[in-house]
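Novice: Quick one, structure for this:
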Amino acid sequence: MIARSWLFVPADSERKLARAGESGAGAVILDLEDSVGPDRKPLAREMAAAWLRTRGASPSAWVRVNAWETGLTMADLAAIVSARPAGIVLPKCSGREDLVRLDAALSALEAREGLSEGSIAVLPIVTETPAALFALREYAGAPRLAALTWGGEDLAAALGAKANRREDGSWDEPYRLARSLTLIAAAAAGVPALDTVHAAARDLEGLRRDCAEGRRLGFAGRLAIHPAQVAVIEEAYAPTAEERAWAEAVIAAFDAAPTAGVVSLNGRMIDRPHLVQARRILGL
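Specialist: Now for the predicted structure:
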């Protein structure tokens, strides 16, 4: 079951690293990229690896490396793979080839460190460059793929936009398109989709509205940039008692009629797509 909340933590901040484990986030992403200045990246690698080692083999500890185009990715990977992160967040992913390249690098480093091949998963950020939008159909069957997520801030910069949201707080058209295509691409690849960050860290009501819409559309969780956002995301994406009861009833009905394509539940006809939805609600 994929985590609902994913909290970015600058890997060069001792104070924020110390607080990360208390945030309640389903997953923590130690950031070596945007939140770390160029001169502090070597220190951030060391601090990230040390933090990971204190956590042990945690399924909730991930690392965002620098993008391939920076020339820093291999140094990031070499420094942190031995500390056994659950996965790598790859920014500015331009398509499947970037994941194949990452898979090869991780396989070599896993072998070097005596880790099982494929033990480190990958979460690519797939819309941060204009060209990446045209490669979203390529992710089905990509190696190590745990989920897909998207980004609107780098995309806005690449487009030369003054802003990426309208006055009412909703996404403007290019970013709504990127968001929707990421959701569709994830479904085509058979993995969950995670919604992007809400950059206004203290706007919890706006975040709550965004999360409600994201969950309604089919996103499984969301990235966060501040610990205060975690509780909002967790609440928004957690199934309600009513939803769990419905899902359990649907599964029980099909368990009682395993060869049926359609069953009756409380006077309504329920078919196989409802079973898929029920299993997703329960994280099965």
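Novice: contacts and neighbour counts: CA atoms only from here.
Specialist: OK.
Novice: Which segments of the protein make up each domain?
Specialist: Domain ranges of the chain: 5-238, 242-281, per automatic domain parsing.
Novice: most neighbours per residue, which of those domains?
Specialist: domain 5-238 (a mean of 19; mean count of other C-alpha atoms under 10 Å).
Novice: for it, how far is the first residue from the last?
Specialist: 10 Å (C-alpha to C-alpha, to the nearest Å).
Novice: average pLDDT across it?
Specialist: Averaging pLDDT along domain 5-238 gives 96.
Novice: now stretch 248-261
Specialist: For stretch 248-261, the per-residue pLDDT averages 85.
Novice: List of residues touching it?
Specialist: Residues outside stretch 248-261 that contact it (C-alpha atoms under 8 Å, 6 or more residues apart in numbering) are 263, 264, 265, 270, 271, 272, 274, 275, 278, 279.
Novice: Quick check: the farthest pair among those?
Specialist: Farthest-apart pair in the contacts of stretch 248-261 is 264 and 279; separation 17.4 Å (C-alpha to C-alpha).
Novice: picking that back up, need the contacts of stretch 248-261 in a markdown table with secondary structure and distance to residue 229, can you?
Specialist: As requested, the contacts of stretch 248-261 are exported to a markdown table (DSSP: H, G, I helix; E, B strand; the rest coil; distance: C-alpha to C-alpha, whole Å):
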| residue | secondary structure | distance to residue 229 |
| --- | --- | --- |
| 263 | strand | 40 |
| 264 | strand | 40 |
| 265 | strand | 37 |
| 270 | strand | 36 |
| 271 | strand | 36 |
| 272 | helix | 35 |
| 274 | helix | 31 |
| 275 | helix | 31 |
| 278 | helix | 27 |
| 279 | helix | 27 |
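Novice: Would you check that my belief about residue 2 contacting residue 192 is correct?
Specialist: Yes - Residue 2 sits in contact with residue 192 when judged by C-alpha atoms under 8 Å, with a separation of 7.4 Å.
Novice: Now for the two: what residues contact both?
Specialist: residue 220.
Novice: can you give me the strands for the stretch 101-250 of the chain?
Specialist: 121-124, 148-149, 193-195, 221-224 (DSSP state E, counting those that start in this stretch).
Novice: Give me the helices and strands touching the first one, please.
Specialist: Taking 3 or more C-alpha pairs under 8 Å, 6 or more residues apart in numbering; DSSP states H and E as the contact definition, the neighbouring helices and strands of strand 121-124 are strand 87-90, strand 148-149.
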